[in-house]
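Undergrad: Sequence and predicted structure below; questions after.
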Amino acid sequence: MGNIKELDENTINKIAAGEVVERPSSIVKELMENAIDAGATMISVEIEDGGMKSIRITDNGIGIEKEDVRTAFLRHTTSKIKTAADLLCVTSLGFRGEALSSIAAVCQVELLTRTNSSMEGIRYRIEGGKEVGYEEIGIPVGTTFIVNNIFFNTPARRKFLRTAQTESGYVSDIVEKIALSHPEIAISFKTNGRVRIHTSGNGNLKDVIYSIYGKEITDNIIRLNEENDFMKITGYIGKAIISKGNRTYENYFINGRYIKSNIISKAIEDGYKFILMQHKYPFTVINFEINPEYLDVNVHPSKMELRFRKSEKIYPMISDWVHNALIEKPNIIDVKLHQDIEKKENIKYTPEPFETKRQKLFDERDKSSKYTQNNVVREETAYHNTSASDSVNPLQENRNALSLEQGKPIQREVTDVYDNFLSNIAKDKHKIIGQVFDTYWIVEYGDKMYIIDQHAAHEKVMFEALMEKRKSKQVSTQMINPPIILSLSMNEANLIEKYLDNFKEIGFEIESFGGQDFTVRGVPSDLYTLDSQDVLMEIIDNLTNEAGKMSPDILTDKIASMSCKAAVKGNSKMSFAEADQLITQLLSLENPYNCPHGRPTIISMSKYELEKKFKRII
């Protein structure tokens, strides 16, 4: 007698259910997606004991027709597609026809549903795949699913569930994702009777972000809105200050569906690389609209993985769009000294007695000032349009020279208008106050104090210079005599030989010396003072760890590392002239806000914050 037997239908259903229903959150996901496909504008989710005891999901969608109720719980029944060809252009969230069948196979399910065309609704109960009740009742239009005792008939699988608190967290995460992807739907979530999430359904994504993540996150996000003939992306991305040590803040959706894609994750993170520290990940809520014919979501039963055509085009587009959105916004971290910041219009001052006289003088000066804001702007414009020989203000040059000679702060000419810290108009009004802790430089501008890390700033300036030379193929090499002799392992020697051209690209001249020995006859001239052998060995070590892939990222990382080693260190004194030159170079960069490793180069603190701390404001 043969050993191969055909399984009975009950066993087949339980096995199939395991592909779709992994835990309570899987049930919530499937049923909420069905509600969205049914045109719901309101969805409420309630769970008990992490969803292991009960799940209740109610929507105001179109409901299920009476004659379709029983059919809906059969395997592979769906209203979303009719043939395999429809899979190429599916737009609904649910389409496999497995969800209700799989849920009913391992749970006790009660369905309440009514369509607009029916006077009465249907109450249908099914447990372990078997019908136990069907009756007509009076209920509102829409659908309610009550799912009790998950895995009641497969106790071995129930043992693999986590604690109620953990399972509740998984459910909450799914509800959050769906709320973010559909701001036009009012969504509420309760666990053990307590409201955890509530969105208004007004279509404003920023409001949803606020209700889920709170004020701090919402205050530090940047609008994203880009499109071309291939795809469109909308949503928000976060500034570096709200980054996280894992990818839990990365939310992105394809045509309204929460999805996972290594290509998209890497592209987003690549766009952030210039401002995020290593092992930090961004906050994003991005919706991608892509023609369905380029997508295949029919990869995994959970429908959370994705394949798509033209991936080679998608990666650079996403990376560039994210990068450009970040580069257009100031990324200077604004330091807060207290939590309860009041609105400025409600500020009350309690000046010291001697300050009353000082304030009076300031008021008189403002009234008698011969410059209006428009006049200042016109004068600045005229100033910047003069020839190079006339571009230096002799009076200011003399003031600066005298200040340096006397060891006093450099006072750039100040007017009554303050612009963006990095604008051309603003740069001439920066007031360098001095250095603290032999590491940080303080610059006053407008009503803010800016603090610049000299090491991070110098590192950034050197990195950008090296990257520009590499891009324009103008990397210069300093020849050294005697040359450095490298004695390498066989694996290291193979890597050197394989990537000689890449080493030359960043300024190294390396030749074989026989066997596994190599001579280094030239090093990058900008980094002549470094221990070149140490830098080279770091690169080789990285190549070994990366299985011998000399990717652009590795070269960039090593240039960043070399810049870090060559930059002026903290706890090192600099002159005012040196600091002035460094700050000027830093602020002339496209992105001066972060060093190559993602640490901030500049932070700011407002005059208001200081006055609040010193109790000048009550």
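TA: Received it, and whenever you're ready, just let me know what you need.
Undergrad: can you count the residues close to Lys448?
TA: 18 (other CB atoms under 10 Å). Every C-beta, even on glycine, is put in place using the N, C-alpha and C of the backbone.
Undergrad: The chain should start at 4 in everything you say after this.
TA: Will do, 4 is the new start, and the previous item becomes Lys451.
Undergrad: isn't it right next to Ile605, touching?
TA: No: Lys451 lies out of contact with Ile605 (CB atoms under 8 Å); the separation is 10.7 Å.
Undergrad: Isn't Glu68 up against Asn119?
TA: No: using CB under 8 Å, Glu68 is not in contact with Asn119; the gap is 10.7 Å.
Undergrad: show me the contacts for Cys110.
TA: For Cys110, the contact set (CB atoms under 8 Å, 6 or more residues apart in numbering) comprises 24, 30, 130, 150-155.
Undergrad: Return the member of those nearest to Lys434.
TA: Of all these, Lys434 sits closest to Ile30, with 62.0 Å by CB to CB.
Undergrad: State whether the closest one is indeed within a helix.
TA: Yes: assessed by DSSP: H, G, I helix; E, B strand; the rest coil, Ile30 belongs to a helix.
Undergrad: gap between it and Gly42?
TA: Distance from Ile30 to Gly42, counting by CB to CB, to the nearest Å: 21 Å.
Undergrad: Looking at those two, which is more packed in?
TA: Ile30 (27 against 13).
Undergrad: Would you confirm that that one contacts Ala107?
TA: No: counting by CB under 8 Å, Ile30 stays clear of Ala107, with 10.6 Å between them.
Undergrad: which neighbours do the two share?
TA: Contacts common to Ile30 and Ala107, judged by CB under 8 Å, 6+ apart, are absent.
Undergrad: hang on, the earlier thing: with respect to Asn494, which of the contacts of Cys110 is nearest?
TA: Val24 (47.9 Å).
Undergrad: Next up, the contacts around that closest one.
TA: Taking CB under 8 Å, 6+ apart as the test, what Val24 contacts is 30, 105-106, 108-110, 153.
Undergrad: export the residues you listed to CSV and tack on secondary structure?
TA: Below are those laid out as CSV (three-state DSSP):
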residue, secondary structure
Ile30, helix
Ser105, helix
Ile106, helix
Ala108, helix
Val109, helix
Cys110, coil
Ile153, coil
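Undergrad: Switch those residues over to a markdown table; also include pLDDT.
TA: Shown next, in a markdown table, are these (pLDDT from 0 to 100):
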| residue | pLDDT |
| --- | --- |
| Ile30 | 95 |
| Ser105 | 88 |
| Ile106 | 93 |
| Ala108 | 90 |
| Val109 | 91 |
| Cys110 | 94 |
| Ile153 | 93 |
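Undergrad: now those as JSON lines including distance to Val538?
TA: What follows is those, written out as JSON lines (distance: CB to CB, whole Å):
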{"residue": "Ile30", "distance to Val538": "55"}
{"residue": "Ser105", "distance to Val538": "57"}
{"residue": "Ile106", "distance to Val538": "59"}
{"residue": "Ala108", "distance to Val538": "61"}
{"residue": "Val109", "distance to Val538": "59"}
{"residue": "Cys110", "distance to Val538": "61"}
{"residue": "Ile153", "distance to Val538": "57"}
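Undergrad: Closest one to Thr442 out of the residues you listed, please.
TA: Ile30 (55.0 Å).
Undergrad: so Gly525 sits right up against Ser479, yeah?
TA: No: applying CB under 8 Å as the test, Gly525 and Ser479 come out as separate, 9.5 Å apart.
Undergrad: Could you pull out the residues contacting both of these two?
TA: Taking CB under 8 Å, 6+ apart as the contact rule, Gly525 and Ser479 both touch Gly510.
Undergrad: The two: who's more crowded?
TA: For Gly525 versus Ser479, the count of surrounding residues by other CB under 10 Å is larger for Gly525: 20 against 10.
Undergrad: Relative to Thr480, how far out is the more buried one?
TA: 4 Å.
Undergrad: shared neighbours, those two?
TA: 510-512.
Undergrad: Could you tell me the phi and psi values at Lys283?
TA: With angles defined as degrees, to the nearest 10, Lys283 sits at phi -120, psi 150.
Undergrad: Tell me how many other residues crowd the closest residue to it other than its chain neighbours.
TA: In space, and not counting its chain neighbours, Lys283 is closest to Ser246: 4.2 Å by CB to CB, 6 or more residues apart in numbering. Using other CB under 10 Å, Ser246 has 18 other residues around it.
Undergrad: ok, now which ones touch Ser246?
TA: Neighbouring residues of Ser246 by CB under 8 Å, 6+ apart: 252, 275, 279-280, 283-286.
Undergrad: Minimum pLDDT in these, which residue is that?
TA: Minimum pLDDT across those is recorded for Met280, with 75.
Undergrad: check which helix or strand covers that one.
TA: Using DSSP states H and E, Met280 sits within no helix or strand.
Undergrad: Quick check: the gap between Pro595 and Ile244.
TA: As for Pro595, its distance to Ile244 is 16 Å (criterion: CB to CB).
Undergrad: Can you pull out the low-pLDDT segments for the stretch 54-203 of the chain?
TA: 78-100 (pLDDT under 70).
Undergrad: hmm, 50 instead?
TA: Counting by pLDDT under 50, the stretch 54-203 of the chain has low-confidence residues at 84-94, 97-100.
Undergrad: How about the stretch 404-553 of the chain?
TA: 404-418, 420-422, 550-551.
Undergrad: Apply 80 and report the result again.
TA: 404-423, 425-427, 472-474, 476-478, 491-494, 509, 528-553 (pLDDT under 80).
Undergrad: residue ranges of the strands in it, please?
TA: For the stretch 404-553 of the chain, the strands defined by DSSP state E, counting those that start in this stretch cover 413-414, 434-439, 443-448, 451-456, 480-490, 512-517, 520-527.
Undergrad: Nearest to Ile240, out of those?
TA: It is, among these and with distance given as CB to CB, strand 451-456, at 24.3 Å.
Undergrad: who's in contact with the closest one?
TA: Contacts of strand 451-456 (CB under 8 Å, 6+ apart): 335, 424, 436, 442-447, 573, 586, 589, 598, 602-610, 613.
Undergrad: Strands along the stretch 104-253 of the chain, start to end?
TA: In the stretch 104-253 of the chain, the segments counted as strands under DSSP E, counting those that start in this stretch are 111-117, 124-130, 133-140, 145-151, 189-194, 197-201, 224-230, 234-241, 253-257.
Undergrad: and Glu292, which of the three is it?
TA: strand.
Undergrad: Once you drop chain neighbours, what's closest to it?
TA: Lys235 (4.3 Å).
Undergrad: go on, Met482?
TA: Nearest non-adjacent residue to Met482 (CB to CB, 6+ apart): Gly525, at 4.8 Å.
Undergrad: Dig out what the one you found forms beta bridges with.
TA: Met482, Glu512 (DSSP bridges).
Undergrad: tell me the contacts of it?
TA: Residues counted as contacts of Gly525 (CB under 8 Å, 6+ apart) are 480-483, 510-512.
Undergrad: could you say which helix or strand contains Ile317?
TA: According to DSSP H and E, Ile317 maps onto helix 314-330.
Undergrad: What number of neighbouring residues does the closest residue to Arg250 other than its chain neighbours come out with?
TA: Computed as CB to CB, 6+ apart, the closest residue to Arg250 that is not its neighbour in sequence is Tyr284, at 4.9 Å. If you count neighbours by other CB under 10 Å, Tyr284 ends up with 18.
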